[in-house]
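Enquirer: Sequence first, then the predicted structure, then my questions.
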Amino acid sequence: MPAKLSVNINKWATLRNARGHNNPNLIQTAIDIQTFGGQGITIHPRPDERHIRYQDARDLRSVVHTEFNIEGNPIRSFIDLVLAVKPEQVTLVPDAIDAITSDSGWDCHKHHSFLTEVISEFKKQGIRTSIFLDPDPTMVEAAAKTGADRIELYTEPYATGYLSDRASAIAPFIATAERAVSAGLGVNAGHDLSLDNISYFAHCIPDLLEVSIGHALICESIYFGLDNVVNQYLHRLQHPRI
């Protein structure tokens with residue numbers, strides 16, 4: 001089965017917040033993305049609510065009928081939000097409170113006890129859990145021991161290296177994905193994936209289950225239109241090629 005496309009709508013919320021009104025309408029955007037073929041909606045609420053607000057997560061729950069993925073650093077307020085909303089998936093990301101965007105994965109050795117405790121709390125409520133992870137095969141076993149269901153590969157290094165040497169750039173991701181599958185973990189991916197580099201990534205990671213794409217997809221939609229861009233991603237995921 002081809003990897004599913006989950007669209008991160010954080011930047012739509014950034015644009016809405018810039019004028020202090022409800023344009024663009026975040027709820028309608030989520031509805032439209034699913035109508036256009038998107039197979040999930042991702043949000044990443046941060047404590048300062050500079051884009052997605054905690055209330056957005058609650059409001060979106062009733063309209064996301066595909067897969068709702070909430071990602072973020074599991075501070076107490078985030079944990080409580082996820083437990084209240086009950087998305088299909090929660091993705092744990094170790095970003096600092098003031099981070100512009102996520103820039104690294106978890107050290108699952110150092111934070112093993114913490115992650116295990118948090119994941120257990122989510123799984124008791126039937127919420128699938130994913131850990132944001134650097135492309136490092138040595139970290140996979142520790143991730144599996146936390147009780148997580150999946151990992152999400154942090155793909156910024158791939159996107160950067162793709163422009164100069166895509167074979168070298170993808171190599172650690174292949175190794176990490178293979179190790180994850182052998183450990184019984186599902187494999188997701190996200191960060192700086194785009195129409196330019198998604199097909200090669202999907203081709204090289206055949207067990208890829210889901211990609212979460214926001215910033216690039218929104219930028220591309222400015223030029224080509226949201227419906228068109230969503231379907232271009234779906235085509236590349238369904239027919240990946242070198």
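Expert: Received the coordinates, thanks. Note that the coordinates shown come from a computational prediction; the quantities given were computed from them, not determined experimentally. Numbers count the residues shown, from 1 in each chain.
Enquirer: what sits against Arg166?
Expert: By Cβ atoms under 8 Å, 6 or more residues apart in numbering, the contact list for Arg166 reads 197, 200. C-beta coordinates here come from the backbone N, C-alpha and C atoms, glycine included.
Enquirer: quick one: low-confidence ranges for the chain?
Expert: By pLDDT under 70, the low-scoring segments of the chain are 96-103.
Enquirer: where along it do the helices fall?
Expert: Using DSSP state H, the helices found in the chain span residues 10-19, 26-35, 54-61, 76-85, 112-123, 140-145, 156-182, 198-204, 215-224, 226-238.
Enquirer: So the residue nearest the centre of the chain versus Ala171, what's the distance?
Expert: For the chain, Ser212 is the residue whose C-alpha lies nearest the centre (Cα atoms, centre = their mean; 3.8 Å). Ser212 is 22 Å from Ala171, where distance means Cβ to Cβ, to the nearest Å.
Enquirer: Check His239 too.
Expert: Per Cβ to Cβ, His239 is found 23 Å from Ala171.
Enquirer: what do you get for Tyr154?
Expert: Distance, Tyr154 to Ala171, by Cβ to Cβ: 15 Å.
Enquirer: And these two? Which one has more around it.
Expert: For Tyr154 versus Ala171, neighbours defined as other Cβ atoms under 10 Å are more numerous around Tyr154 (23 against 15).
Enquirer: Now for the more buried one: which residues touch it?
Expert: Tyr154 neighbours (Cβ under 8 Å, 6+ apart): 102, 104-105, 132-135, 190-191.
Enquirer: Mind doing that once more with 10 Å?
Expert: Residues near Tyr154 by Cβ atoms under 10 Å, 6 or more residues apart in numbering: 93, 102-106, 132-136, 173, 189-192.
Enquirer: Over to Arg128?
Expert: If you count contacts by Cβ under 10 Å, 6+ apart, Arg128 has them with 67, 69, 87-91, 122, 148-150, 186.
Enquirer: cutoff 6 Å now
Expert: 89, 149 (Cβ atoms under 6 Å, 6 or more residues apart in numbering).
Enquirer: Over to the one 5 residues further on?
Expert: With Cβ under 6 Å, 6+ apart as the criterion, the residues that contact Leu133 are 105, 139, 143, 151.
Enquirer: Please consider this matter closed, and thank you.
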